[in-house]
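J.: what's the 3D shape of this:
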Amino acid sequence: MVHQTYIADVIVVGGGTGGTAAAIQAARRGAKTILVSEFPWLGGMLTSSGVSAPDGNELEAFQTGLWGAFLQELRQRQLGGLDNSWVSFFSYDPRIGAEIFADWVQELPNLHWISGQVPLEVFRQGDSITGVRFADFAITAKIILDGTELGDLLALADIPYRWGWELQSEWGEPSAPVTFNSLTQKYPVQAPTYVVIMQDFGKAMSTTGYAYAPEIPAAPNYNSSQFTGAWDGYGAETFLNYGRLPGGLFMMNWPICGNDYGEGVGRLIESDVSRGEFIQESRWHSQNFAHFIQKRLGHRYGLAEKVFPHTSTAFALHPYYRESRRLVGLTTVREQDILPIAKGRVASIFNDAIAVGNYANDHHYPGVQFPLQPKSIRWGGRWTGTPFTIPYSCLIPATTDGFLVCEKNISVSHIANGATRLQPVVMGIGQAAGMAAAICVELNCQPRDLPIRKLQTALLEDNRSKALIIPLFNLPPNRSDWRHWQLYYLDNPQAYPVSGDCPESAFGKPLIQESNCFKGIFYRLEQQEYRFTVIAPATYQGQNWQLVTLRSHIDEQLRAYPHEQLVTLWGRYNRSGNWLLVEHLNGG
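T.: Numbering: from 1, shown residues only. Take a look at the predicted model:
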């Protein structure tokens with residue numbers, strides 16, 4: 001029974017990565033916004049699902065918008081820095097990420113956040129969505145955004161969506177299957193992971209008094225053979241360092257004989273009961289993985305304490321969903337749209353681009369190796385991904401007004417979702433959706449009628465968190481001509497360079513200030529693979545490290561530096577990855 005009805009300009013349902021970004025951006029633009037979340041933490045993949053070692057958009061030039069602002073806040077708040085794991089350049093305690101989002105929401109008087117609620121009904125007037133009903137209240141608004149983890153509003157509103165694979169005959173995607181098969185039947189979408197945080201109690205002995213961690217019991221569906229060989233080829237220490245967090249914590253989100261779980265994954269959209277059954281099983285699966293780790297690696301390792309705000313404090317608030325229902329929108333992002341253009345390092349750009357991603361196309365099907373068209377490139381002494389753009393039109397339903405999506409539920413193929421689903425991309429999508437919703441309110445227009453250049457300009461010129469639209473490796477956001485080149489390639493897409501580099505390289509000041517000085521010998525193993533043997537400081541003398549960078553002009557200097565020469569570097573050492581993140585080279 002509805003006891004109260006709220007009226008707003010914008011409703012965002014779902015407090016995940018995209019929904020949180022959308023609500024913050026809409027409110028910052030001035031719209032009266034209500035954000036309704038199921039969980040007590042905001043941020044989704046970045047916080048409440050426990051994936052606090054995000055992938056993609058790691059290069060300095062791509063650290064813009066709310067994503068860049070989030071990283072800057074983490075650097076200020078996370079004691080000991082973000083160089084903790086080898087799976088990501090940014091690993092942090094998820095509690096700090098949740099604090100950042102809560103603080104951003106709290107500072108906005110026109111943003112009302114309601115937690116602990118899920119949508120039950122969507123209101124329609126003809127072809128327009130007008131509101132959403134929850135357990136004991138309803139909200140009506142001019143623009144409604146679906147920021148749920150699984151695209152729940154799409155189903156409630158009867159808006160056409162996709163779930164599952166498309167065949168190669170649909171769009172000619174090179175990696176799509178020719179016919180449906182046992183893989184497409186068993187895993188209609190990618191497998192989620194129920195993240196569990198483990199703790200090194202050996203390091204905590206002096207403060208906790210534990211000689212070893214408490215026993216991790218096996219869950220009802222325990223089968224040790226599922227995890228046999230999980231860290232073969234890596235070794236125990238490297239395995240643990242994959243998702244190492246500060247304070248002796250380890251994020252367990254391991255794909256190789258690990259805690260990805262996809263048994264009957266279709267249950268997620270069948271009913272509330274079947275979804276609950278799947279979630280319980282996936283949580284048990286992660287508990288069993290933690291039990292297996294403790295049995296094999298010793299009672300030094302146990303379940304972390306007081307991380308997440310519920311009874312089982314080591315387990316995330318919900319699974320890490322890699323795929324959801326996917327909107328049937330005005331445009332669908334296909335695999336061809338994320339792959340490099342001929343003889344290039346970038347994908348072609350959409351005319352209505354509003355966000356950027358660069359991660360490799362990454363799919364998870366437990367026990368199955370699924371080959372995908374490669375989109376990785378060597379850059380900065382390591383592998384990164386081909387940059388691509390997200391079009392505004394993939395946020396808009398083909399036939400429904402008053403509605404936008406802002407999560408993994410954009411109009412995208414199953415194949416391309418492997419690259420568009422990453423946290424920084426979704427954060428950019430959410431920021432653009434929130435900005436679009438607010439401008440639609442200002443102009444009293446529907447999302448499909450919003451002038452795209454007005455939205456693009458607003459993102460580029462946002463006074464708090466200006467957001468990248470055109471990916472360029474050598475154009476960091478602190479460069480004085482950043483806006484010029486963004487607008488130039490929006491106006492002249494045919495001039496967009498296949499190299500991904502704009503002309504006139506005039507480098508801005510470094511975005512990252514904290515670094516140390518190292519001296520040693522530079523070795524070139526391959527064109528984009530570098531080794532550094534440390535001479536000074538004496539603490540590291542004789543050690544061999546990989547050299548990597550996120551800065552474009554350092555990438556250029558490393559490519560040109562002479563083999564077996566003395567070099568002075570400034571940067572940060574990552575013990576887990578055994579690399580030096582170079583920020584300056586010989587004073588560069």
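J.: Just the local confidence number for E38, please.
T.: For E38, the model assigns a pLDDT of 97.
J.: Against E556, how distant is it?
T.: Distance of E38 to E556, given as Cβ to Cβ, to the nearest Å: 46 Å. Backbone N, C-alpha and C define where each C-beta goes, glycine included.
J.: A290 now?
T.: 44 Å.
J.: neighbour count winner among those two?
T.: Looking at A290 and E556 with other Cβ atoms under 10 Å, you find the greater number of neighbours at A290, namely 26 against 19.
J.: The more buried one: which element?
T.: A290 belongs to helix 272-297 when assigned by DSSP states H and E.
J.: could you say what helices and strands that helix packs with?
T.: With contacts taken as 3 or more Cβ pairs under 8 Å, 6 or more residues apart in numbering; DSSP states H and E, helix 272-297 sits against strand 196-200, helix 236-241, strand 249-252, strand 301-303.
J.: between these, which gets nearest to H363?
T.: With Cβ to Cβ, the closest approach to H363 among those belongs to strand 249-252: 19.8 Å.
J.: Which stretches in the protein count as helices?
T.: With DSSP state H, the ranges of helices along the chain come out as 17-28, 65-77, 94-106, 152-156, 168-171, 182-186, 205-208, 236-241, 272-297, 417-420, 423-443, 452-461, 482-491, 552-560.
J.: Give me whichever of the ones you listed is most buried.
T.: Each of the helices of the chain was scored by mean neighbour count; the highest is helix 17-28, a mean of 33, by mean count of other Cβ atoms under 10 Å.
J.: pLDDT of that one, averaged?
T.: 98.
J.: Does anything pack onto it? Which helices or strands?
T.: Using 3+ Cβ pairs under 8 Å, 6+ apart, helix 17-28 sits against strand 4-13, strand 33-37, helix 65-77, helix 94-106, strand 111-115, strand 137-146, helix 423-443.
J.: Tabulate the ones you listed in JSON lines, adding columns for distance to V534.
T.: Listed next are the helices and strands packed on helix 17-28 as JSON lines, based on distance: least, Cβ to Cβ, whole Å:
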{"stretch": "strand 4-13", "distance to V534": "49"}
{"stretch": "strand 33-37", "distance to V534": "47"}
{"stretch": "helix 65-77", "distance to V534": "25"}
{"stretch": "helix 94-106", "distance to V534": "31"}
{"stretch": "strand 111-115", "distance to V534": "48"}
{"stretch": "strand 137-146", "distance to V534": "50"}
{"stretch": "helix 423-443", "distance to V534": "32"}
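J.: and of the ones you listed, who's closest to I256?
T.: Per Cβ to Cβ, nearest to I256 of the helices and strands packed on helix 17-28: helix 423-443, 21.0 Å.
J.: got any ranges where the chain has weak pLDDT?
T.: Within the chain, the stretches with pLDDT under 70 are 1-2, 203-211, 504-514, 587-588.
J.: Give me the nearest residue to the residue nearest the centre of it, chain neighbours excluded.
T.: Here the mean C-alpha position of the chain is nearest to the C-alpha of Q423 (Cα atoms, centre = their mean), at a distance of 1.2 Å. Nearest non-adjacent residue to Q423, counting by Cβ to Cβ, 6 or more residues apart in numbering: P54, 4.1 Å away.
J.: From G15, how far off is that neighbour?
T.: P54 is 17 Å from G15, by Cβ to Cβ.
J.: More neighbours: the two, which one.
T.: For P54 and G15, the more surrounded residue by other Cβ under 10 Å is G15, and the numbers stand at 29 against 26.
J.: isn't that one right up against S37?
T.: Yes. Applying Cβ atoms under 8 Å, one finds G15 in contact with S37, separated by 2.7 Å.
J.: Overlap of the contact sets of these two?
T.: Common contacts of G15 and S37 (Cβ atoms under 8 Å, 6 or more residues apart in numbering): W113, S115.
J.: out of the helices and strands packed on helix 272-297, nearest to P374?
T.: helix 236-241 (24.1 Å).
J.: and G298, what does it touch?
T.: Y212.
J.: can you tell me which of the helices and strands packed on helix 272-297 comes nearest to V582?
T.: Comparison of the helices and strands packed on helix 272-297 against V582 by Cβ to Cβ identifies helix 236-241 as nearest, at 20.5 Å.
J.: Count the neighbours of F39 for me.
T.: F39 has 23 nearby residues by other Cβ under 10 Å.
J.: ah, wrong one, I meant S115
T.: 13.
J.: was I right about it contacting T20?
T.: No. In this structure, S115 is not within contact of T20 by Cβ under 8 Å, at 11.6 Å.
J.: before we move on, the earlier item: could you check the helices and strands packed on helix 17-28 and tell me which one is nearest F522?
T.: helix 65-77 (27.5 Å).
J.: Can you spell out which helices and strands pack onto that closest one?
T.: By 3+ Cβ pairs under 8 Å, 6+ apart, helix 65-77 packs against helix 17-28, helix 94-106, helix 423-443.
J.: got CSV for those, with distance to C257 too?
T.: Formatted as CSV, the helices and strands packed on helix 65-77 follow (distance: least, Cβ to Cβ, whole Å):
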stretch, distance to C257
helix 17-28, 28
helix 94-106, 24
helix 423-443, 24
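J.: can you tell which of those helices is closest to A141?
T.: helix 423-443 (8.8 Å).
J.: Now do the closest one: distance to the chain's middle.
T.: 16 Å (Cα atoms, centre = their mean, to the nearest Å).
J.: other SSEs contacting it?
T.: strand 4-13, helix 17-28, helix 65-77, strand 137-146, strand 353-357, strand 388-391, strand 403-405, helix 452-461.
J.: Can you add distance to S175 and give these back as CSV?
T.: Converted to CSV, these look like this (distance: least, Cβ to Cβ, whole Å):
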stretch, distance to S175
strand 4-13, 32
helix 17-28, 25
helix 65-77, 27
strand 137-146, 27
strand 353-357, 17
strand 388-391, 15
strand 403-405, 24
helix 452-461, 29
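J.: Which of those sits closest to V333?
T.: When the helices and strands packed on helix 423-443 are ranked by proximity to V333 (Cβ to Cβ), strand 388-391 comes first, at 6.7 Å.
J.: List the strands paired with that closest one, with their directions.
T.: Looking at strand 388-391 with DSSP bridges, its partner strands are strand 353-357 (antiparallel).
J.: List the buried residues of the partner strand.
T.: Of the residues in strand 353-357, A353, I354, A355, V356, G357 count as buried by neighbour count, 16 or more other Cβ atoms under 10 Å.
J.: Would you agree the third one is in contact with A432?
T.: Yes. With contact defined as Cβ under 8 Å, A355 and A432 form a contacting pair (5.3 Å).
J.: before we move on, the earlier item: wait, which of the buried residues of strand 353-357 is closest to L585?
T.: Distances from L585 to those, taken by Cβ to Cβ, are shortest for V356, at 26.3 Å.
J.: show me the residues around that closest one that make contact.
T.: Counting by Cβ under 8 Å, 6+ apart, the residues that V356 touches are N57, F62, P387, F388, T389, I390, V425, G428, L468, I469, I470, P471.
J.: Out of those, the closest to A8 would be?
T.: The nearest one, if we look at these relative to A8 and count by Cβ to Cβ, is G428, at 23.5 Å.
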